[in-house]
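# Need coordinates for the below:
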Amino acid sequence: MKHLSIFGIFLFLFSLMSGCGTTSQVIALNGEKISSFKIDSLLKKQMDSVNMPGLSIAFINDGKIVLHRELGYSDLETKSKVDELTMFEAASLSKPVFAYFVMQQVEKGIIDLDEPLYKILPLKDLEYDDRYKLFTARMVLSHTTGLPNWHSNRPPDPSMNVPEGHTYIMFQPGTKFSYSGEAYQYLVDVLAHLLKTDHTGLARIYRKEMAEPLKMKHSYFDWNDFIKKHRATGYIQKDDNRANEPQTLKKINGFGAAGGLRTNAVSYANFIIGLMNEEGLENNSFEEMFKVQSYVDDWDDTDDWGLGIGIKKTPYGTRYMHTGSNGDYQSYFIMYRENKSGWVFLTNCNRSNELFSSLESFFRNGKLNTNK
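Model (predicted):
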């Protein structure tokens with residue numbers, strides 16, 4: 001009986017230790033402790049309020065992932081649930097990842113931030129406008145080339161006399177901010193040319209030289225069998241009836257620096273941790289990424305732009321962030337480098353703005369509906 005009693009005590013203590021994960025907590029920026037129960041309640045409420053299909057989310061404190069959740073469905077028809085292997089389109093959260101990758105090439109002497117890109121690879125679509133010869137990698141990453149985001153979605157003014165089907169430059173390059181995915185894709189082609197490879201080869205270099213060292217285990221710019229098996233289906237709600245309409249599969253075969261990364265919250269959180277801990281790059285490279293490169297006039301959540309990342313001064317310190325939307329996928333992350341805290345989430349629908357607003361407030365002080 002004595003041995004049984006000791007064994008019973010051991011089992012009891014072990015069960016307490018094993019259950020520690022269920023009582024995980026997140027520390028808000030003001031020091032408030034937020035229990036996993038409180039976070040789970042918030043996430044459930046937010047997902048239910050907009051009929052969000054699936055969610056992958058991770059919270060970071062002191063440079064470590066302290067809590068992550070995989071919730072809802074990756075496919076509503078098959079009732080497949082989101083799990084730790086589910087792949088989401090990161091959309092424009094691809095851009096900070098690509099900026100880091102570019103800085104790796106800068107450090108290796110492959111490319112210079114301020115060398116005119118046309119000297120490496122002319123951009124035939126803009127040969128009619130010599131101003132494109134001013135484009136540099138720095139301008140691309142800080143969104144100051146003057147290119148539109150996607151010219152197919154924003155036709156030029158007729159007075160600009162742009163050849164039919166061509167992109168165009170809206171202002172003198174380097175003088176102000178204008179968000180552009182097209183510029184990022186031009187830089188992809190420049191890098192592939194310099195490294196004597198194609199988009200697929202560039203994606204493999206990214207996996208070997210960046211994703212693996214930063215422990216971004218499931219983070220891909222190329223299409224592969226793993227993504228095909230574990231991808232989430234994207235959904236769009238077109239009206240207020242909250243009905244989720246599945247969208248056509250996008251294979252994104254090329255290296256989509258502007259929005260083609262497929263990943264999950266844990267893998268992306270490890271990238272954020274790499275930024276916080278300044279892993280894999282020299283100090284001056286991180287200084288370039290995080291210093292103000294351009295000013296953003298009309299965005300509520302961002303005042304300035306670094307290399308690949310938005311910047312805003314807050315009462316809790318400098319907030320770095322990026323948002324992403326491919327229509328049927330949306331994503332957000334915020335990061336405070338000073339205290340090494342932040343979060344990232346990815347969804348397979350177009351209704352996550354409310355979740356971002358709630359989490360941004362929640363992460364500041366553990367409360368909802370407070371002023372920024």
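# Longest strand in this protein, please.
strand 64-75 (DSSP state E).
# That strand pairs with which strands, parallel or anti?
Strand 64-75 has the following strand partners under DSSP bridges: strand 54-61 (antiparallel), strand 80-81 (antiparallel).
# ok, which stretches of the protein are helices?
2-18, 36-50, 94-107, 137-141, 181-194, 199-206, 225-230, 265-276, 283-290, 353-365 (DSSP state H).
# Compare the ones you listed and give me the one nearest Val344.
For Val344, the closest of those is helix 265-276, at 4.9 Å, according to Cβ to Cβ. Backbone N, C-alpha and C define where each C-beta goes, glycine included.
# Other residues contacting the closest one?
56-58, 60, 63-65, 68, 70, 84, 90, 93, 96-97, 100, 211, 214-219, 279-280, 286, 289, 320, 333, 335, 337, 340, 342-346 (Cβ atoms under 8 Å, 6 or more residues apart in numbering).
# Could you identify the buried members of the residues you listed?
Neighbour-count burial (16 or more other Cβ atoms under 10 Å) is assigned, among those, to 56-58, 60, 63, 65, 68, 70, 90, 93, 96-97, 100, 211, 214, 216, 218-219, 279-280, 286, 289, 320, 333, 335, 337, 340, 342-346.
# Report pLDDT for Met139.
Note on Met139: pLDDT of 98.
# do Ser159 as well
Per the predicted model, pLDDT is 89 at Ser159.
# I'd like the distance between it and Glu288.
Per Cβ to Cβ, to the nearest Å, Ser159 is found 37 Å from Glu288.
# ok, now Val266?
To Glu288, Val266 is 27 Å away according to Cβ to Cβ.
# picking up where we left off before, Phe177 is nearest to which of the strands paired with strand 64-75?
Closest approach to Phe177 among the strands paired with strand 64-75 (Cβ to Cβ): strand 54-61, 27.6 Å.
# Centre of the chain to that closest one, how far?
Here the centre of strand 54-61 is set off from its chain's centre by 12 Å, with Cα atoms, centre = their mean, to the nearest Å.
# Next, the angle from that strand to helix 265-276.
30 degrees (axes from the mean of the first three to the mean of the last three Cα atoms, to 10 degrees).
# Show me what the mean pLDDT comes to for strand 54-61.
When pLDDT is averaged over strand 54-61, the result is 98.
# what does stretch 330-345 give?
Mean predicted lDDT for stretch 330-345 stands at 97.
# again with stretch 163-183
Averaged across stretch 163-183, the pLDDT comes to 97.
# okay, how far is it across it, tip to tip?
18 Å (Cα to Cα, to the nearest Å).
# same thing with stretch 253-268?
Counting by Cα to Cα, you get 20 Å between the two ends of stretch 253-268.
# hey, which of the helices of the chain is tucked in deepest?
Comparing those by mean neighbour count (mean count of other Cβ atoms under 10 Å), helix 137-141 ranks first with a mean of 26.
# Does that helix pack against any helices or strands, and if so which?
Helix 137-141 sits against helix 94-107, helix 181-194, with contacts defined as 3 or more Cβ pairs under 8 Å, 6 or more residues apart in numbering; DSSP states H and E.
# now with 10 Å?
Counting by 3 or more Cβ pairs under 10 Å, 6 or more residues apart in numbering; DSSP states H and E, the packing neighbours recorded for helix 137-141 are helix 94-107, helix 181-194, helix 283-290, strand 294-295.
# For Tyr168, give me its contacts.
For Tyr168, the contacting residues are 125-126, 128-129, 132, 146-148, 151, 154-157, 160-162, by Cβ atoms under 10 Å, 6 or more residues apart in numbering.
# how many other residues sit next to Gln172?
Around Gln172 sit 11 other residues, with neighbours defined as other Cβ atoms under 10 Å.
# Then His166?
Count around His166 with other Cβ under 10 Å applied: 14.
# pretty sure it is touching Pro148, no?
No: in this structure, His166 is not within contact of Pro148 by Cβ atoms under 10 Å, at 11.4 Å.
# anything in contact with each of those two?
Common neighbours of His166 and Pro148 (Cβ under 10 Å, 6+ apart) are Pro156.
# Geometric centre of the protein: which residue is closest?
Taking Cα atoms, centre = their mean, the centroid of the chain lies closest to Leu93, which sits 2.2 Å from it.
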